[in-house]
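Asks: Here is a sequence with its predicted model. Questions after.
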Amino acid sequence: MAFVMIVAGFVTSLLVANIIAVKLIEIGPWIMPAGVIIFPVSYILGDVLTEVYGYHRARQVIWLGFVCNLLAVLAIFLAQILPHPGFWDGQAAFGRILGYAPRLLLASFLAYLVGEFVNAYVLARMKILTQGRWLWTRTIGSTVVGQLLDSSVFIAVAFAGILPQEALITAIGVQWLVKCAYEAAATPVTYGVVGFLKRHEGVDVYDAGTNFNPLKVGN
């Protein structure tokens, strides 16, 4: 049951982040997608999955999140193109908020896969190197690498050729710093959840000998 709840939280945070990302928010001098409110939660829960259940189970959940996101995109696309009654005046607003530009969609999917798999890989490797000690080094260290790649891939694919190079670098840096700060602030919560799950589930997987190929289906 605990595993199912973690998976549900992971998928939910991913889907909600992609839906609300269309809105831009301004925090001081920084402008960023509203998805930063909840998207880092998927990384936190991804850390929990890898730390407790191992890379194999995390890999399954990452692909599950990808498939669920793809299903949501297809459903929204179909809802947008199907004919609507003449009295309904919300078609333009629906498309404006929920419609996906192909380039942004590609950027989002690529960034998600690269960032999440690298995050899980780094954490699993660091767990072996640290012999299970210093959890904070793994959660923060894996996030620093994973979120850097996530932000870099998304910004580069989505906006290269549209924004000047300096703006691209600034956008990557701002998103990366905000997401890493989010993870660091959540470290006490991560410790609590990981400790509870290890005691409750009686599981603490070390990925010695694990095949880290993200495309591998079996063990």
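Replies: It's in. Being a predicted model, the structure only gives us computed values, none of them experimental.
Asks: then stretch 94-112 to CSV, C-alphas only?
Replies: The C-alpha trace of stretch 94-112 is given here as CSV (Å, rounded to 0.1, in the frame of the first residue of the first chain):
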residue,chain,number,x,y,z
PHE,A,94,-9.3,25.6,-23.6
GLY,A,95,-6.8,25.5,-26.4
ARG,A,96,-4.8,28.5,-25.0
ILE,A,97,-4.4,26.8,-21.6
LEU,A,98,-4.4,23.1,-22.3
GLY,A,99,-3.0,23.0,-25.8
TYR,A,100,0.5,21.7,-26.4
ALA,A,101,3.0,23.1,-28.9
PRO,A,102,4.8,20.1,-30.4
ARG,A,103,8.2,21.5,-29.7
LEU,A,104,7.4,22.2,-26.0
LEU,A,105,5.9,18.7,-25.7
LEU,A,106,9.0,17.1,-27.1
ALA,A,107,11.2,19.2,-24.8
SER,A,108,9.1,18.2,-21.8
PHE,A,109,9.2,14.4,-22.5
LEU,A,110,12.9,14.4,-23.3
ALA,A,111,13.8,16.4,-20.2
TYR,A,112,11.7,14.2,-17.9
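Asks: What segments of this structure are helices?
Replies: For the chain, the helices defined by DSSP state H occupy 2-20, 39-53, 55-81, 91-98, 102-129, 135-159, 165-185, 187-201.
Asks: between the fifth one and helix 39-53, how many degrees?
Replies: Okay, so that is helix 102-129. Interaxial angle, helix 102-129 versus helix 39-53 (axes from the mean of the first three to the mean of the last three C-alpha atoms, to 10 degrees): 30 degrees.
Asks: how distant is helix 102-129 from the center of its chain?
Replies: Counting by C-alpha atoms, centre = their mean, to the nearest Å, helix 102-129 is centred 8 Å from the centre of its parent chain.
Asks: got it, and the third one?
Replies: Taking C-alpha atoms, centre = their mean, one finds the center of helix 55-81 at 12 Å from the center of the full chain.
Asks: In terms of secondary structure, what does it contact?
Replies: Where contact means 3 or more C-beta pairs under 8 Å, 6 or more residues apart in numbering; DSSP states H and E, helix 55-81 is packed against helix 2-20, helix 39-53, helix 91-98, helix 102-129. To be clear about C-beta, it is placed using only N, CA and C from the backbone, and glycine gets the same treatment.
Asks: Please find the angle between the direction vectors of the third one and helix 2-20.
Replies: Think helix 91-98. Going by the same axes, to 10 degrees, helix 91-98 makes 130 degrees with helix 2-20.
Asks: name the helices or strands packed onto helix 91-98?
Replies: Partner elements for helix 91-98 (3+ C-beta pairs under 8 Å, 6+ apart): helix 55-81.
Asks: Pull out the buried positions in the helix it packs on.
Replies: Using 16 or more other C-beta atoms under 10 Å as the test for burial, helix 55-81 gives 55-59, 61-63, 65-66, 69, 72-73, 76.
Asks: Including distance to Ser152, could the residues you listed go into JSON lines?
Replies: Below are the buried residues of helix 55-81 laid out as JSON lines (distance: C-beta to C-beta, whole Å):
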{"residue": "Tyr55", "distance to Ser152": "23"}
{"residue": "His56", "distance to Ser152": "27"}
{"residue": "Arg57", "distance to Ser152": "27"}
{"residue": "Ala58", "distance to Ser152": "21"}
{"residue": "Arg59", "distance to Ser152": "22"}
{"residue": "Val61", "distance to Ser152": "23"}
{"residue": "Ile62", "distance to Ser152": "18"}
{"residue": "Trp63", "distance to Ser152": "22"}
{"residue": "Gly65", "distance to Ser152": "20"}
{"residue": "Phe66", "distance to Ser152": "19"}
{"residue": "Asn69", "distance to Ser152": "20"}
{"residue": "Ala72", "distance to Ser152": "24"}
{"residue": "Val73", "distance to Ser152": "22"}
{"residue": "Ile76", "distance to Ser152": "26"}
